[in-house]
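Asks: Mind folding the following:
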Amino acid sequence: MQLESILTCPRCSHQADEQMPTDACQFFYVCKGCGERLKPLAGDCCVFCSYGSVPCPPVQESGKGACCR
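Replies: Residues are numbered from 1 along each chain as shown. Below is the predicted model:
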């Protein structure tokens, strides 16, 4: 299981290597490039599933739909 993901901001394309939490979904993330507050796209459980290079740990383990509700 990968616990690091590269988040890419859809507004400014800034990329940041971030550690994913294993015990909770991260619903918001503030871009370190432009300050945009990111939230998951419709159908995604967290910012890592929407903007990351690697989906969150629960999705990695059990597939989409297995994450926090």
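Asks: Going by C-alpha atoms from here, please, whenever you check contacts or count neighbours.
Replies: OK.
Asks: Helices along the protein, start to end?
Replies: 47-51, 57-62 (DSSP state H).
Asks: What separation is there between residue 58 and residue 32?
Replies: Separation of residue 58 from residue 32 (CA to CA, to the nearest Å): 25 Å.
Asks: what about these two, which has more around it?
Replies: residue 58 (19 against 12; other CA atoms under 10 Å).
Asks: Now do the more buried one against residue 13, distance only.
Replies: Distance from residue 58 to residue 13, by CA to CA: 26 Å.
Asks: So which residue is smack in the middle of the chain?
Replies: residue 48 (1.2 Å; CA atoms, centre = their mean).
Asks: Test my guess that it contacts residue 8.
Replies: No. Here residue 48 does not reach residue 8: they are 9.4 Å apart, not a contact under CA atoms under 8 Å.
Asks: Show the contacting residues for the nearest residue to residue 60 once chain neighbours are set aside.
Replies: Nearest residue to residue 60, sequence neighbours excluded (CA to CA, 6 or more residues apart in numbering): residue 1, at 7.0 Å. For residue 1, the contacting residues are 57, 60-61, by CA atoms under 8 Å, 6 or more residues apart in numbering.
Asks: how much space between the residue of the chain most remote from its centre and residue 9?
Replies: The centre of the chain is farthest from one residue, residue 34, which by CA atoms, centre = their mean lies 17.1 Å away. Here residue 34 is placed at a distance of 9 Å from residue 9 (CA to CA).
Asks: quick one: the strands in this protein?
Replies: Taking DSSP state E as the test, the strands found in the chain are 4-8, 15-19, 29-30, 37-38.
Asks: For those strands, give me TSV that also has mean pLDDT, distance to residue 53 and mean neighbour count.
Replies: TSV is the format used below for those (pLDDT from 0 to 100; distance: least, CA to CA, whole Å; neighbours: other CA atoms under 10 Å):
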stretch	mean pLDDT	distance to residue 53	mean neighbour count
strand 4-8	97	5	19
strand 15-19	97	9	14
strand 29-30	98	15	14
strand 37-38	98	15	14
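Asks: nearest to residue 52, of those strands?
Replies: Closest approach to residue 52 among the strands of the chain is made by strand 4-8 (4.3 Å; CA to CA).
Asks: what helices or strands is that closest one leaning on?
Replies: Packing partners of strand 4-8 (3 or more CA pairs under 8 Å, 6 or more residues apart in numbering; DSSP states H and E): strand 15-19, helix 47-51.
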